[in-house]
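Trainee: Provided below are the primary sequence and the corresponding predicted coordinates.
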Amino acid sequence: ISIPIEEGENHVAAWYVPPVEMEPVRMGDWIGSVEAGASVNFRNIYFNPHGHGTHTESCGHITKEIFSVNKVLKTYFFRALLISLMPEEQKNGDRVITIPRLPKGINVEALIIRTVPNSEQKITQNYAETNPPFLALEGIQVLNEHGIKHLLLDLPSVDKEKDGGELAF
């Protein structure tokens, strides 16, 4: 499910963030690079968890306080259901993903939505200015009805790229 965080222009990005940067640690004359003569590669990595690779959404996106996922998330394994969904083209150019009704009595804590087509392009896609697919607001009812605690999605956000800051989902 995860997409690795890698340096360079041809790797996944969203929300207009610059590419990931990785550079050797420098301490005085010492450079943390085997190529530069060190015995080990020792690098600093500059990235944005929301804009590069996959990440966990949390309340920290919408609160004044900063929340560490490590302090909020205490369980790491969940019974999950994987569904593959094709975004529906709208007249205004949006592509919307409608979460279907799940089978009655299904006992899962997490829902994984894989969008199709599921091409290799997903690991190098720059989503900025592409108006990527987003979830139809009615999907919240499905999640609540089934007690879904975690939603995993292979797109940058559940919300529309430019929605005036509404963040409706």
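Mentor: Perfect, thanks for sending it. Residues are numbered from 1 along each chain as shown.

Trainee: so what's residue 1 scoring on pLDDT?
Mentor: The score at residue 1 is 67. That number is its pLDDT.

Trainee: now swap in residue 43 and tell me
Mentor: For residue 43, the predicted pLDDT is 94.

Trainee: tell me what the residue lying closest to it once chain neighbours are set aside is bridged to.
Mentor: Residue nearest to residue 43 in three dimensions, not counting chain neighbours: residue 22, with 5.0 Å by CB to CB, 6 or more residues apart in numbering. Heads up, the C-betas are built off the backbone N, CA and C, glycines and all. When assigned by DSSP bridges, residue 22 has beta-bridge partners residue 45.

Trainee: hang on, residue 22 packs against residue 42?
Mentor: No - taking contacts as CB atoms under 8 Å, residue 22 lies outside contact range of residue 42: 11.0 Å.

Trainee: report how many residues lie close to the closest residue to residue 89 other than its chain neighbours.
Mentor: Leaving out its chain neighbours, the residue that sits closest to residue 89 by CB to CB, 6+ apart is residue 95, at 5.9 Å. Neighbour count for residue 95, taken as other CB atoms under 10 Å: 17.

Trainee: how close does residue 95 sit to residue 165?
Mentor: 21 Å (CB to CB, to the nearest Å).

Trainee: need phi/psi at residue 113.
Mentor: phi -110, psi 120 (degrees, to the nearest 10).

Trainee: which residues does it bridge with?
Mentor: Per DSSP bridges, the residues bridged to residue 113 are residue 83, residue 153.

Trainee: which residues sit in contact with it?
Mentor: Residue 113 makes contact with 83-85, 97, 99, 135, 151-154, according to CB atoms under 8 Å, 6 or more residues apart in numbering.

Trainee: for those residues, which one is nearest residue 18?
Mentor: residue 154 (22.4 Å; CB to CB).

Trainee: so who does the closest one touch?
Mentor: Residue 154 neighbours (CB under 8 Å, 6+ apart): 1, 54, 113-115, 118, 122.

Trainee: show me which pair in these is furthest apart.
Mentor: Among those, 54 and 118 lie farthest apart (CB to CB), at 14.3 Å.

Trainee: out of those two, which sits in the busier spot?
Mentor: The residue with more neighbours, out of residue 54 and residue 118, is residue 54; 15 against 10, by other CB under 10 Å.

Trainee: go ahead and confirm residue 43 touches residue 20.
Mentor: No - using CB under 8 Å, residue 43 makes no contact with residue 20, being 11.2 Å away.
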